[in-house]
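1. please work out how this folds:
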Amino acid sequence: MKNIVFSRFALLSLSLFVMACTPTQSNRGNMVEDFRLSELTPGISTRNNVLRSLGSPTAKAPFDENTWYYLGQKMEQKGIFIPEVKEERIIVAAFDDEGILQRLEELERDRIDVPTVDRETPTGGNEITVVEQILGNVGRFNKVGETSGIEP
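-> Numbers count the residues shown, from 1 in each chain. Predicted structure coming up:
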């Protein structure tokens, strides 16, 4: 009887361990499919056509309302590790002043990993622990009817 309970417990533990290692996938932004891009033709399609086919843009150019960006990422995370970008797509749609699509292209760029620095910027003042903060306030409270000592 004990062997059956132990074997079931071991099987349950093993299955939970395997499920915990299964990667989780998530989509971020707007991953534009190729068939949606084929519906649009530069020089003929308008802003309304682009909105109907691709949806709202993820971002617009800061200084040019006629340039739209569609950004999408497929992410994968295994367990507690940092998520990895498995696929990334950036589509640029540029319009003229009349709203006619002039350029529709996918940006091909390699991802640049920017290293982070673990140093801290020194600041003025003292580093006080939690215990020092608690003990430092003992006896600093006003009694009933007393003011803080600051004159108006």
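
2. that's a helix at residue 36, yeah?
-> Yes: under DSSP: H, G, I helix; E, B strand; the rest coil, residue 36 falls within a helix.

3. touching, it and residue 50? I think so.
-> No: using C-beta atoms under 8 Å as the test, residue 36 is too far from residue 50 to be in contact (9.7 Å). Bear in mind the C-beta positions are built from the backbone N, C-alpha and C, glycine included.

4. any weak-confidence spans in this protein?
-> For the chain, the stretches flagged by pLDDT under 70 are 16-21, 110-113, 139, 141-152.

5. the longest helix in it is where?
-> helix 2-20 (DSSP state H).

6. name the helices or strands packed onto that helix?
-> Contact partners of helix 2-20 among helices and strands, from 3 or more C-beta pairs under 8 Å, 6 or more residues apart in numbering; DSSP states H and E: none.

7. and the helix or strand following it, what does it pack against?
-> In the C-terminal direction, the helix or strand that comes right after helix 2-20 (DSSP states H and E) is strand 24-29. Judged by 3+ C-beta pairs under 8 Å, 6+ apart, the packing partners of strand 24-29 are strand 64-77.

8. what residues does the strand it packs on touch?
-> Residues outside strand 64-77 that contact it (C-beta atoms under 8 Å, 6 or more residues apart in numbering): 23-32, 50, 54-55, 57-61, 83-97.

9. okay, and which of the residues you listed map to strands?
-> 24-29, 59-61, 84-95 (DSSP state E).

10. residues contacting the residue nearest the centre of the chain?
-> A centroid search over the chain (C-alpha atoms, centre = their mean) returns residue 28, at 7.9 Å, as the residue closest to the centre. Residue 28 makes contacts with 72, 73, 74, 75, as judged by C-beta under 8 Å, 6+ apart.

11. just those now: which is nearest residue 1?
-> residue 75 (46.5 Å; C-beta to C-beta).

12. and the closest one, what are its bridge partners?
-> residue 26, residue 85 (DSSP bridges).

13. and the gap between it and residue 7?
-> As judged by C-beta to C-beta, to the nearest Å, residue 75 and residue 7 stand 37 Å apart.

14. these two: who's more crowded?
-> More crowded of residue 75 and residue 7, by other C-beta atoms under 10 Å: residue 75, with 16 against 10.

15. do you know how far that one is from residue 48?
-> In terms of C-beta to C-beta, residue 75 sits 31 Å off from residue 48.

16. all set now, cheers.
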